[in-house]
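1. Got a sequence here, can you build the structure:
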Amino acid sequence: MKLPHAQLDLETALAEFDVWITPSTGEIRDTDRFRREMEAVVAVFELLSAATNGFADPHHCDPMTIADTLADAIAGMPREAAHSLLSHLASVLFLVTGKSDNNAKCQLPLYLRDVAGWDTFPGARRSNGNVTLVRHPLPRELKSEKYMKSVVDLVDHMEERHRLLREFTRFVLSDADYVSQLWSVGRSYCMLKEFDKHKSLLTPLVVFQVRGSVSASGGHNPEGLLRERFREWGLDAGIDFNVSDVVIAEETASGGRKKTRAYDFVLPFKAPSWEHRIFVQCQFYAGDSGSVSHKNVDQTSTSRAKVRSRFSKPIFVEYVDDAGYFSSLNGDLKNLLSMEDTASFFQIRSAAIRLRREFQRIGFLCPIDVEQAILRSDATDAGVKKVLREDGYSMNEINRTLKVCKERNVLKQRKSNWSIAVDRRALARRYLLLDIAACFGTPPAVEERKLVGTLLVPGYGPFHGIKIDTLAKQAIELAPTCKKDWSSPEVILEDIRWLCEQGIAMSC
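-> Next comes the predicted model:
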């Protein structure tokens, strides 16, 4: 259905943001990144356990023994797997000793020079399938990633590989207290493993290790959550919407470096007969990842100017959510929404209304809206097109989308009649209810204190909705063909419950 446009003042828009906010898109420990890191850290502790006789005694945590065990473990491993294992070894040693790669990168070269007595750093040169040992001047900075890459590259020089690993572990475990810290964690790991609780011990370490990269996106990938909605609307990845950031422009920054301007979503992406019109920037802040969001906000004006120089009439929409914008970054949120060229914003829960409304604003037809037109008509080709024309779509766009829907098996056509794919009919019904609540809902009257029995939807202020009995009546009037679907009251109640469980509506 054609969703009515809403011109909200800043205060009302911010009030809506607060009501429909998603405090966090998920716990860090629920993310794929966390699970991968946990598996890798467990693998490191298993190897360390083998090297130290199950951490039986602090004296068993000898840096030399640990280094030689790891060197033997990576022998014959693929290069990527070996590098990953050693990188996680470095991370584990940093975590249990309280050191960090950031300070180690400066201290390690001095240790190699002053304690180990090195004046060169070993490396590998590959030529015609052969690996030759080379000596480089000792660098002034050595990050663990580069260090471990050198270890892996020296596949044909085991003595140098062992020497590198020995000096690294000696550097990190440089005194008895650091060795004791490793032993304490390792011994606890072995004891808890008997009760299958060893991962509970490691969880805080792994969370600390991955917090920065995961928190910057609010836990789960918000772009991924939006792409799931796109697929719900019948859109196709790589055609209707992009699956990775789109670089809009490159420019030379200070020092001659290239600086890119990218957008998380450029819509429609590569749909035939369409050019980019809607430019979406995704900005999430969970409350524990400092300056990134401030920087993004500061760059917004510059980025938009670049877009305007290349595209006619671009529409800028902000995808913002998470607790940080409710609290510490609320001022940034106000600045974003009050910019003259900010057409709109949407949150995880309001995308189904707010972003679809932007698609409708430019006349881009989504398959979910065609499916609704089938429900609202006699399902004939002429009837479906009549409903879509009344919603304001051009005939060219209607024909394009009908063709696309047929090719993607979203719709079936038999002679002059259209039907919705069986696995999408419930989805079409549910979005019809959502849109009816948007189109026919109202804010609560001043004298109405209670919202009991109301289905609330976003996009029109903090509280906008329709009484559920009125919603059911309106739905039957607009889509008589759904009367059979809803002949059992459980079905329409299930449809309403689905909207609420998805977070795109609220029942009171």
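
2. rest of the way, CA atoms for contacts and neighbours
-> Will do.

3. Local confidence estimate at the residue in the chain sticking out farthest from the centre?
-> Relative to the average C-alpha location in the chain, and by CA atoms, centre = their mean, no residue lies farther out than G117, which sits at 46.5 Å. Each residue has a pLDDT score; the one for G117 is 94.

4. Helix, strand or coil: sort out it for me.
-> Using DSSP: H, G, I helix; E, B strand; the rest coil, the three-state assignment for G117 comes out as coil.

5. So it versus I398, what's the distance?
-> G117 sits at a distance of 75 Å from I398 (criterion: CA to CA, to the nearest Å).

6. repeat for M64
-> Looking at M64 against I398, where the rule is CA to CA, the gap reads 71 Å.

7. can you check S488 too?
-> Relative to I398, and taking CA to CA, S488 is found at 33 Å.

8. With only the CA atoms kept, save stretch 272-280 in PDB.
-> Extracted as PDB, the C-alpha positions of stretch 272-280 are listed here (Å, rounded to 0.1, in the frame of the first residue of the first chain):
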ATOM      1  CA  PRO A 272      17.300  -2.100 -14.800                       C
ATOM      2  CA  SER A 273      16.300   1.400 -15.800                       C
ATOM      3  CA  TRP A 274      17.200   2.800 -12.400                       C
ATOM      4  CA  GLU A 275      20.000   5.000 -11.200                       C
ATOM      5  CA  HIS A 276      21.200   5.400  -7.600                       C
ATOM      6  CA  ARG A 277      18.700   7.600  -5.800                       C
ATOM      7  CA  ILE A 278      18.700   6.700  -2.000                       C
ATOM      8  CA  PHE A 279      22.100   6.900  -0.200                       C
ATOM      9  CA  VAL A 280      22.100   5.200   3.200                       C
END
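
9. Report all helices and strands that the one helix or strand V96 maps to contacts.
-> Element membership of V96 [criterion: DSSP states H and E] is helix 79-97. Using 3 or more CA pairs under 8 Å, 6 or more residues apart in numbering; DSSP states H and E, the elements in contact with helix 79-97 are helix 32-51, helix 144-153, helix 158-172, helix 176-193, helix 198-215.

10. Out of the ones you listed, which one sits most buried?
-> Taking mean count of other CA atoms under 10 Å as the contact definition, the stretch among these with the greatest mean neighbour count is helix 144-153, which reaches a mean of 21.

11. contact partners of that one?
-> Contacts of helix 144-153 from elsewhere in the structure, counted by CA atoms under 8 Å, 6 or more residues apart in numbering, are 79, 82-83, 86-87, 90, 101, 105, 122-124, 160-161, 164-165.

12. Give me the distance from it to the chain's centre.
-> 30 Å (CA atoms, centre = their mean, to the nearest Å).

13. What's the mean pLDDT across it?
-> Helix 144-153 carries an average pLDDT of 92.

14. re earlier: which among the contacts of helix 144-153 end up buried?
-> Neighbour-count burial within the contacts of helix 144-153 applies to 82-83, 86-87, 90, 101, 105, 122-124, 160-161, 164-165; the criterion is 16 or more other CA atoms under 10 Å.

15. do you know which of the helices and strands packed on helix 79-97 lies nearest S377?
-> When these are compared by CA to CA, helix 32-51 sits nearest S377, at 44.0 Å.

16. angle of the next helix or strand after the closest one against helix 158-172?
-> Tracing the chain past helix 32-51, the next element assigned as helix or strand by DSSP H and E is helix 63-74. Using axes from the mean of the first three to the mean of the last three CA atoms, to 10 degrees, the interaxial angle of helix 63-74 with respect to helix 158-172 works out to 130 degrees.

17. ok, so what distance separates L235 from Q281?
-> When L235 is compared with Q281 (using CA to CA), they lie 19 Å apart.

18. repeat for V422
-> As it turns out, when the distance is counted by CA to CA, V422 lies 35 Å from Q281.

19. Among those two, which residue is more densely surrounded?
-> Using other CA atoms under 10 Å, the more surrounded residue of V422 and Q281 is Q281, with 21 against 11.

20. Each with direction, which strands does the helix or strand encompassing the more buried one pair with?
-> Q281 belongs to strand 278-284 when assigned by DSSP H and E. Using DSSP bridges, the strands paired with strand 278-284 are strand 265-267 (antiparallel), strand 315-321 (parallel).

21. and L375, which of those strands is closest to it?
-> The closest of those to L375 is strand 265-267. By CA to CA, the value is 26.7 Å.

22. Which residues does that closest one contact?
-> Strand 265-267 has contacts (CA under 8 Å, 6+ apart) with D240, F241, N242, S244, D245, V246, H276, R277, I278, F279, V280, Q281.

23. Could you give me the ChimeraX syntax to select whichever of those residues are buried?
-> Selection command for ChimeraX covering only the buried members of these, criterion 16+ other CA under 10 Å:
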select :240,241,242,246,276,277,278,279,280,281
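
24. before we move on, back to that, who has more neighbours, S488 and I398?
-> Ranked by neighbour count (other CA under 10 Å), S488 and I398 place I398 first, with 21 against 10.

25. Then that one would be within a helix, right?
-> Yes - the assignment for I398, made by three-state DSSP, places it in a helix.

26. residues touching it, list them.
-> Applying CA under 8 Å, 6+ apart, the residues contacting I398 are L365, K385, L388.

27. In TSV: those residues, plus pLDDT, distance to I496 and secondary structure.
-> Conversion of those to TSV gives the following (pLDDT from 0 to 100; distance: CA to CA, whole Å; DSSP: H, G, I helix; E, B strand; the rest coil):
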residue	pLDDT	distance to I496	secondary structure
L365	98	24	coil
K385	97	28	helix
L388	98	25	helix
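
28. and which of these is nearest K473?
-> Using CA to CA, the shortest approach to K473 within those belongs to L388, at 22.2 Å.

29. what's the closest non-adjacent residue to the closest one?
-> Counting by CA to CA, 6 or more residues apart in numbering, the nearest residue to L388 once its immediate chain neighbours are dropped is A373, at 6.5 Å.

30. cool, P462 as well?
-> The shortest distance from P462 to any residue that is not its chain neighbour, by CA to CA, 6+ apart, is 3.8 Å, and that residue is E16.
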